[in-house]
Structures are given as structure tokens and as C-alpha cells.
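Participant: fold the following for me, if possible:
(one chain, ligands or ions: 2)
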Amino acid sequence: MRAIAIIKSEHKNLGAVLYSLEKLIEEIDKGKHPDFTIFHGLLTYLDRFLDRYHHPKENLYLFPKLLERAPDTEALVRELGQQHTEGELLFIEMLKALSAYEFSGAAEFPHFRETVLKYTEFERNHAHKEEKEILPRAKKALQASDWEEIDAAFGENRDPMFGQDWNDEFSELFDSIVNRLPAPLGLGDDWK
Ligand SMILES: [Fe+2]
Ligand SMILES: [Fe+2]
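Facilitator: Residues are numbered from 1 along each chain as shown. Ligands and ions are numbered 1, 2, ... in the order given. Sure thing, here's the model as predicted:
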């Protein structure tokens, strides 16, 4: 059941990134100049990690096994699987809005703001639903041999920003995020 701890810690990292996005929007609301490098870094992280690693592993390993052992979870599993696709669409909308904002300036900020807040709320609710409804069902229904396969798949995940051994590419972004976030997520005190 190592996968459960891995999923929860990946959700926690996701939560820190979503929170960062919201705080950056809040800063711009207060008149600060946008830092597009940080926005691009955060969106690249979300694309690399969430959409290419985290969600596919839920889709390929956790969800099918849960469906096999607990067929009554079908509607729930289908709903969460669809949310992965919806989340990707919201992500693309946010990315396009960021591009428009960077190219055209302040007039595009309200639209970008709207897409970010829609995305962060959606992904936060999604992770919450998995933790409240999927993980407890999986804990009960799955057998030891099922977990071996799922644990192996999730154990292969290398978080490019929060992982211990794969930090190079995202280390600067990680530092800038951690320095900005209030405790206990980060070291900064700007938003305390
Ligand atoms: Fe998910
Ligand atoms: Fe998840």
C-alpha cells in the first residue's frame, strides 16, 4: 500500500503548486508586476508531473484494479477518470490565457485569472474526492498482490520538483516557490 502514501504526498505537492498559482494571482490583483517565468515553470511542472505521470498511473493501475475488485465503484471511477480529461482541458485553457496575457498585456489578465482559479479549484476538489472516496475503498477492496503492481508503478514516479533525486531541472523554480510560500509549506513570510 505504499502507493497510497505516494498518491497523498503527490496531492500535497500539487496543493502547494495550486496555492502558489493563487497567491501569484493575488499579488497581481494587488498591483504587482507579473512574473511570467514562474507562471511558465508552474504550468510546465503541472503538465510534466500531473498530466504525464500522476493521472496516467491512476488511470492505468489504481482505477482498473479497484473496478475489478469492487465493481460497485464503477460510476465513481468513471467520474474521476473523466475529471482527468476535464482537468487537461482546463489546463490548456489556462495555458492559452497565459500566452494571451503575456503577449497582449493587462487587458488579458481577468481572463487568465478566471482560468487559473477555475483550474485550481477543480484539481483541488478532484484530489480531495480521490482521498475521501477512492483511497478508502481501495484500501478495503484490494489484495496484497494488487498493491505490489500498483506500488511498483507509483514508486517509479519521479517528481521533477519535489522529488529528492530529480530536482535539477526544477530546482530554481522549487527554490522560488518554497521561499514564497508561508510555513509550513515554505520558508517565506510574505503571506503570513
Ligand atoms: Fe486523479
Ligand atoms: Fe490523484
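
Participant: run the chain-centre distance for stretch 20-29.
Facilitator: Taking CA atoms, centre = their mean, to the nearest Å, the mean C-alpha location of stretch 20-29 is offset from the chain mean by 17 Å.

Participant: same deal with stretch 39-52?
Facilitator: 8 Å.

Participant: contact partners of it?
Facilitator: Applying CB atoms under 8 Å, 6 or more residues apart in numbering, the contact partners of stretch 39-52 are 10, 13-14, 17, 20-21, 24, 84, 87-88, 91, 94-95, 98, 123, 159-161, 170, 172-173, 176-177. (Each C-beta comes from the backbone N, C-alpha and C, glycine too.)

Participant: ends of that stretch, how far apart?
Facilitator: 19 Å (CA to CA, to the nearest Å).

Participant: how about that stretch: buried residues?
Facilitator: 39, 41-46, 49-50 (16 or more other CB atoms under 10 Å).

Participant: poorly predicted segments of this structure, please.
Facilitator: 157-158, 160-170, 178, 180-192 (pLDDT under 70).

Participant: do a quick rundown of the helices in it.
Facilitator: For the chain, the helices defined by DSSP state H cover 2-29, 36-45, 55-57, 63-69, 74-104, 109-129, 135-141, 144-155, 171-180.

Participant: so the fifth one versus helix 2-29, what angle?
Facilitator: Counting by axes from the mean of the first three to the mean of the last three CA atoms, to 10 degrees, helix 74-104 points 30 degrees away from the direction of helix 2-29.

Participant: what residues of helix 74-104 count as buried?
Facilitator: 76-77, 80-81, 83-84, 87, 90-91, 93-95, 97-98, 100-101.

Participant: the inter-axis angle of it versus helix 109-129?
Facilitator: 160 degrees.

Participant: ok, and the closest non-adjacent residue to Asp35?
Facilitator: Leaving aside its chain neighbours, Asp35 sits nearest to Leu24 (7.1 Å; criterion: CB to CB, 6 or more residues apart in numbering).

Participant: show me what contacts the one you found?
Facilitator: 34-35, 38-39, 42.

Participant: distance to Thr115 added to the residues you listed, as a markdown table?
Facilitator: What follows is the contacts of Leu24, written out as a markdown table (distance: CB to CB, whole Å):
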| residue | distance to Thr115 |
| --- | --- |
| Pro34 | 14 |
| Asp35 | 17 |
| Ile38 | 16 |
| Phe39 | 12 |
| Leu42 | 13 |
